[in-house]
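1. The amino acid sequence is not available; the structure is as follows:
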């Protein structure tokens, strides 16, 4: 029994070491793209690791689809390098593309084929054997909710189901990097929830990049975020920045807003309603310092809660106020 415990511990440590030593699934360095004299995407660095769901967010025309096409090998970059699972996408395209699954904004469907015929062709193009194709087709249909549509012609499916077929072709060869351009476009709320669950499932062992101009889609799915504006990256990092300097404050007394703003730890104070205020602290100041200064004034503290920056606030700050 003790030996089994040692073996279990050894397996856990080995798996952890492998995960820690794994290189990024995708690395893009100084990636850029120009059309004639117009620079559509300025030099950009991206990294994607296993279990990452990276969102590209920006208004229409920000360069999201251009970046997705470059990362998938559909469009050559004007500058920079892309590595997929250690393979250079430009120098070793066949090896690199084996690890990529791509759903463009308009799914590349053969509408006069049945779902089974189309997915079988996609699997064959990916180099799967006949038996591997059958197993992969069944797995992709199950994941995308297409079990009952195998014999139906794609052109007779609704837009939502056609989008699911596009998703199925992107994952049929079990890629390590899945690139999805507006994956929930045209889906109803129930289908959107299913696609979100599928994306999270895919990210258990892979890395996923998805683009959208819809804030709730990014917020509900992604753990990391790049915000684009006119081909330029204006924010990169966590969806909610870790450092919070804004606090919701409730006091026992009701002092004037200007008196709170005059405290040494406070940059600004805004009255919300009745006894509630929103205060912004000086960089480096701690909430405990603010509490101490309030107690010295005899105002008493009922509540001090950090305020989370919403994705909408972050997006507006990044796209209208320069670097976030």
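-> All right, it came through fine. This structure is a prediction, so every number in the text was calculated from the model and none was measured.
2. Only C-alpha atoms from now on, for both contacts and neighbour counts.
-> Fine.
3. Can you tell me the closest non-neighbouring residue to residue 319?
-> Using Cα to Cα, 6 or more residues apart in numbering and skipping the chain neighbours, the partner closest in space to residue 319 is residue 229 (6.1 Å).
4. Could you check the pLDDT of that neighbour?
-> pLDDT for residue 229: 90.
5. Residue 5 too?
-> 42.
6. Low-confidence stretches in this protein?
-> 1-23, 240-244, 308-310, 321-324 (pLDDT under 70).
7. For the chain, which segments count as strands?
-> Using DSSP state E, the strands of the chain run over 26-35, 38-48, 53-57, 79-84, 87-88, 100-103, 177-181, 207-212, 224-229, 232-238, 246-251, 266-273, 276-281, 301-306.
8. still on that earlier bit, what count of nearby residues applies to the residue nearest to residue 319?
-> Using other Cα atoms under 10 Å, residue 229 has 21 other residues around it.
9. Equivalent analysis for the one 5 residues further on, please.
-> Residue 234 is flanked by 20 other residues according to other Cα under 10 Å.
10. Hmm, it is touching residue 314, no?
-> No: Residue 234 is beyond contact range of residue 314, at 10.4 Å (criterion: Cα atoms under 8 Å).
11. what domains does the record give for this structure?
-> Under the assignment automatic domain parsing, the domains of the chain span 22-238, 246-308.
12. Out of these, which gets nearest to residue 320?
-> The closest of these to residue 320 is domain 22-238. By Cα to Cα, the value is 9.2 Å.
13. buried set for stretch 134-152?
-> 136-141, 143-147, 149-150 (16 or more other Cα atoms under 10 Å).
14. Looking at the residues you listed, which is nearest residue 217?
-> Nearest member of the buried residues of stretch 134-152 to residue 217, counting by Cα to Cα, is residue 144, at 17.9 Å.
15. which residues touch that closest one?
-> By Cα atoms under 8 Å, 6 or more residues apart in numbering, residue 144 lies in contact with 164, 165, 167, 168, 195, 198.
16. need these in TSV with distance to residue 44, can you?
-> TSV is the format used below for those (distance: Cα to Cα, whole Å):
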residue	distance to residue 44
164	31
165	31
167	27
168	29
195	28
198	28
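17. How about residue 154, nearest residue that isn't a chain neighbour?
-> Distances taken as Cα to Cα, 6+ apart place residue 111 nearest to residue 154, at 4.7 Å, with adjacent residues excluded.
18. Run a quick neighbour tally on the one you found.
-> 14.
19. do the same with residue 190
-> 8.
20. and it, how far is that from residue 150?
-> Separation of residue 190 from residue 150 (Cα to Cα, to the nearest Å) stands at 21 Å.
21. Repeat that for residue 106.
-> Distance of residue 106 to residue 150, computed by Cα to Cα: 21 Å.
22. just residue 77 next, same as before
-> When distance is defined by Cα to Cα, residue 77 is 37 Å away from residue 150.
23. try residue 226
-> 37 Å.
24. I'd assumed residue 157 was in contact with the residue nearest to residue 154.
-> No: assessed by Cα under 8 Å, residue 111 is found out of contact with residue 157, at 9.2 Å.
25. could you dump the strands of the chain to JSON lines with distance to residue 257?
-> Converted to JSON lines, the strands of the chain look like this (distance: least, Cα to Cα, whole Å):
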{"stretch": "strand 26-35", "distance to residue 257": "47"}
{"stretch": "strand 38-48", "distance to residue 257": "44"}
{"stretch": "strand 53-57", "distance to residue 257": "37"}
{"stretch": "strand 79-84", "distance to residue 257": "52"}
{"stretch": "strand 87-88", "distance to residue 257": "58"}
{"stretch": "strand 100-103", "distance to residue 257": "53"}
{"stretch": "strand 177-181", "distance to residue 257": "47"}
{"stretch": "strand 207-212", "distance to residue 257": "40"}
{"stretch": "strand 224-229", "distance to residue 257": "35"}
{"stretch": "strand 232-238", "distance to residue 257": "32"}
{"stretch": "strand 246-251", "distance to residue 257": "12"}
{"stretch": "strand 266-273", "distance to residue 257": "6"}
{"stretch": "strand 276-281", "distance to residue 257": "8"}
{"stretch": "strand 301-306", "distance to residue 257": "15"}
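26. Kindly confirm whether my reading is correct that residue 52 touches residue 206.
-> Yes: with contact defined as Cα under 8 Å, residue 52 reaches residue 206; the gap is 7.5 Å.
27. Counting neighbours, what do you get for residue 290?
-> 19.
28. Residue 82 now?
-> Neighbours of residue 82 (other Cα under 10 Å): 27.
29. same check, this time on residue 262
-> Neighbours of residue 262 under the rule other Cα under 10 Å: 12.
30. so how far is residue 255 from it?
-> Taking Cα to Cα, one finds residue 262 at 12 Å from residue 255.
31. Equivalent analysis for residue 135, please.
-> Taking Cα to Cα, one finds residue 135 at 70 Å from residue 255.
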